[in-house]
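A.B. asks: sharing a model prediction with you, sequence too.
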Amino acid sequence: MNIEELKAKIRVIPDFPGPGISFKDITTLIKDGDAFRFAVRELANKVGNKDIELVVAPEARGFLVGIALAYELGLGFIPVRKKGKLPAGTYQGEYQLEYGTDVLEMHRDAVQPGQKVLVVDDLLATGGTVSAAIGLVERAGGIVEAVAFLIELTYLPGRKQLEKYDVVSLIKY
């Protein structure tokens, strides 16, 4: 398998969730065991040389990629969730949505000061969600070694928002 074959596994849905949006549906990729395994191993190869201690990912699709990648790298996984979903004390980070804002949270004891972290999400678009996750890691004292994505929408400004970080992506549109 190669990256173009992997890209062909992603279903593109026009005008979802609204007019003019071209949704990249990864469910068609992750249901194919060989394709999903290839994607996770390729991402692991791209970040495996970095000094990383933990993988952090926001819900929901970020979990799908982040947990598998953490497992492949032999690392622990830290979930970043929507407000009110985590049971212990949290840090909160606000981020922009198309129409308004939302809040992500991470347990206060999830990342220790000085720990080196890989932040993972399924898709890089504007960079809002991942920037909120990065902010939570840094607020806890963690060091973001890299940010990784299964998909990057190069026609949107997400990479520019993350220019101070090492950004890795597998599939580009």
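C.D. replies: Perfect, thanks for sending it.

A.B. asks: which parts of the lowest-mean-pLDDT helix or strand in the chain are buried?
C.D. replies: Ranked by mean pLDDT, DSSP states H and E, the helix or strand of the chain with the weakest confidence is strand 90-97, at a mean of 89. Judged by neighbour count using 16 or more other Cβ atoms under 10 Å, the buried positions of strand 90-97 are 90-91, 93, 95. Just so you know, the C-beta spots here come from the backbone N, C-alpha and C atoms, and that holds for glycine as well.

A.B. asks: spatially, what comes nearest to the spatially most central residue of the chain if we skip its sequence neighbours?
C.D. replies: Centroid check for the chain by Cα atoms, centre = their mean gives residue 121 as the closest residue, at 1.1 Å. Of all residues not flanking residue 121 in the chain, residue 62 sits nearest, at 4.1 Å (Cβ to Cβ, 6 or more residues apart in numbering).

A.B. asks: measure that neighbour to residue 147 for me?
C.D. replies: Noted for residue 62: a distance of 11 Å to residue 147, by Cβ to Cβ, to the nearest Å.

A.B. asks: which residues in this protein form strands?
C.D. replies: Secondary structure of the chain (DSSP state E): strands at 11-14, 22-25, 54-58, 76-82, 90-97, 100-107, 116-124, 143-152, 167-172.

A.B. asks: got these as TSV, with distance to residue 3 columns?
C.D. replies: Listed next are the strands of the chain as TSV, based on distance: least, Cβ to Cβ, whole Å:
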stretch	distance to residue 3
strand 11-14	16
strand 22-25	14
strand 54-58	21
strand 76-82	25
strand 90-97	29
strand 100-107	29
strand 116-124	15
strand 143-152	11
strand 167-172	6
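
A.B. asks: backbone phi and psi for the residue of the chain positioned farthest from its centre, please?
C.D. replies: Most distant from the centre of the chain: residue 19, at 24.7 Å, with distances by Cα atoms, centre = their mean. Residue 19 adopts backbone torsions of phi -60, psi 140, taken as degrees, to the nearest 10.
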